[in-house]
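Student: no FASTA, just this:
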């Protein structure tokens, strides 16, 4: 009975974690769908951005589906273990088996479409850098959009501070970079200061997503 009680407790704890994770993922998915307008406005300001990127917003539906599924799995596992219900536990293991099969299929799909994702990432990066070097510091809408994005994500450009070299802002302010490239620094954000600071880039977020 001691071993059985330990396994029962572990089932409750493990599935409780799954339930909470499902609630968190569901919340993120709902947030992505609710706030999709700001993402679309950002993509819309970048010329020659691949049209396929707008489909990434569908990840909100995926997160909602995954979150709901984890909620169901966590609920069935917890209640099935507490009540020792054979029906609920059987349904729990069937869903887990289906999820495992889906994960294997998803891994195969990712391996097949990884080159396409890398190509899409490269095209968007090129378009983003061109957008910065053409309009940042000249077009108020583009400048404000990039500033808002960099402030929110605490990043500098798409790849790094070199994205701003040759931009209207860079030329106007005597080869200086935006302050977001030198966070916490007092004084001008020049090449030396920008290179000495380790700041993330927006492209890293996209790269992590595709990986």
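Tutor: Great, that's in hand. Given the structure is predicted, the values throughout are model-derived calculations rather than measurements.

Student: Report the residue ranges of every domain in this protein.
Tutor: According to the TED database, the chain comprises the domains 1-33+51-112, 115-209.

Student: Deepest-packed of those domains, please.
Tutor: Mean neighbours per residue, mean count of other C-beta atoms under 10 Å, is largest over the domains of the chain for domain 115-209, with a mean of 17. No exception for glycine: its C-beta is placed from N, CA and C like everyone else's.

Student: what about stretch 20-29, distance to the chain center?
Tutor: Mean-position distance between stretch 20-29 and its chain equals 14 Å (C-alpha atoms, centre = their mean, to the nearest Å).

Student: ugh, wrong one, I meant stretch 175-188
Tutor: Using C-alpha atoms, centre = their mean, the offset of stretch 175-188 from its chain centre is 26 Å.

Student: so how far is the first residue of it from its last?
Tutor: From its first residue to its last, stretch 175-188 covers 10 Å (C-alpha to C-alpha, to the nearest Å).

Student: From residue 170, how far off is residue 20?
Tutor: Using C-beta to C-beta, to the nearest Å, residue 20 is found at 46 Å from residue 170.

Student: could you point out the longest helix in this structure?
Tutor: Using DSSP state H, we find that the single longest helix of the chain is helix 86-135.

Student: on that earlier part again, for the domains of the chain, could you give me a markdown table that also reports mean pLDDT?
Tutor: As requested, those are exported to a markdown table (pLDDT from 0 to 100):
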| stretch | mean pLDDT |
| --- | --- |
| domain 1-33+51-112 | 79 |
| domain 115-209 | 79 |
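
Student: give me every residue that touches the residue lying closest to residue 76 once chain neighbours are set aside.
Tutor: Excluding the flanking residues, the one nearest residue 76 by C-beta to C-beta, 6 or more residues apart in numbering is residue 92, at 4.1 Å. By C-beta atoms under 8 Å, 6 or more residues apart in numbering, residue 92 lies in contact with 15, 73, 76, 77, 80.

Student: repeat that for 6 Å
Tutor: 76, 77, 80 (C-beta atoms under 6 Å, 6 or more residues apart in numbering).

Student: and if you look at residue 67?
Tutor: Contact analysis of residue 67 by C-beta under 6 Å, 6+ apart lists 22, 25, 26, 29.

Student: That one belongs to a strand, doesn't it?
Tutor: No. Counting by DSSP: H, G, I helix; E, B strand; the rest coil, residue 67 is not found in a strand; it is helix.

Student: any idea how far the nearest residue to it once chain neighbours are set aside lies from residue 90?
Tutor: Leaving aside its sequence neighbours, residue 67 sits nearest to residue 26 (C-beta to C-beta, 6+ apart; 2.8 Å). From residue 26 across to residue 90, the span is 25 Å (C-beta to C-beta).

Student: No further questions, thank you.
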